[in-house]
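**Student:** This is a predicted model, with the sequence first.
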Amino acid sequence: MSLEVIEYNGVRYAEIIWANMRVAKTTFFSPPDSSFQFGLLAHEAGYQEPPHFHQPFSRTISDLQQMFVVQRGVVGVQLYNDQGQQLREAILRAGDAIVLIHGVHAIRVIEDMQCISVKQGPFKGDLFDKVNVDVKL
């Protein structure tokens, strides 16, 4: 499995690009209206993109999505529905990437790990931005 979309009751909770995913050309997997675009850039040798910038415009974002790319180690990413029930634990290894779109999530470090983490800013600190949740075990 190269791309996995995790949905529950019609709600997209996460998208995973497994390390073995290959595309022939640049491909984004997130819906076009998603506040966070998740995909793979792919070009043949010799391709050269012209110098450019991205047109600025006002965006209103009410959700905060987060992406991890595992550089080393093994990490379990646990996904919970809105009622606090665990939907799934995805075990990610070096090269795997996940975007967390909706719902409660947690991580369990299985082997010492390092991940690149990307999320929308500004970040106002753990006390403001993070809300701990009691989940059902």
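**Tutor:** Nice, thanks for sending it over.

**Student:** okay, now the closest residue to residue 95 other than its chain neighbours: neighbour count?
**Tutor:** Among residues not flanking residue 95 along the chain, residue 19 sits closest, at 2.9 Å (Cβ to Cβ, 6 or more residues apart in numbering). Yep, even glycine has a C-beta here, placed from its N, CA and C like the rest. By the measure other Cβ atoms under 10 Å, the count of residues near residue 19 is 13.

**Student:** Wait, residue 19 touches residue 71, no?
**Tutor:** No - if you go by Cβ atoms under 8 Å, residue 19 and residue 71 don't touch, sitting 11.1 Å apart.

**Student:** which neighbours do those two share?
**Tutor:** residue 94 (Cβ atoms under 8 Å, 6 or more residues apart in numbering).

**Student:** Contact partners for the nearest residue to residue 28 once chain neighbours are set aside?
**Tutor:** Distance criterion Cβ to Cβ, 6+ apart; nearest residue to residue 28, sequence neighbours excluded, is residue 39 at 3.2 Å. Shown in contact with residue 39 (Cβ under 8 Å, 6+ apart): 17, 26-30.

**Student:** which of those tops the neighbour count?
**Tutor:** Neighbour-wise, those (other Cβ under 10 Å) top out at residue 17, 22 neighbours.

**Student:** Run through the residues that contact it.
**Tutor:** Residue 17 neighbours (Cβ under 8 Å, 6+ apart): 2-3, 29, 38-40, 96-98.

**Student:** Isn't residue 119 up against residue 61?
**Tutor:** No - applying Cβ under 8 Å, one finds residue 119 not in contact with residue 61, separated by 10.7 Å.

**Student:** More neighbours: the two, which one.
**Tutor:** Ranked by neighbour count (other Cβ under 10 Å), residue 119 and residue 61 place residue 119 first, with 14 against 9.

**Student:** gap between the nearest residue to that one once chain neighbours are set aside and residue 7?
**Tutor:** Nearest residue to residue 119, sequence neighbours excluded (Cβ to Cβ, 6+ apart): residue 66, at 4.1 Å. Per Cβ to Cβ, to the nearest Å, residue 66 is found 18 Å from residue 7.
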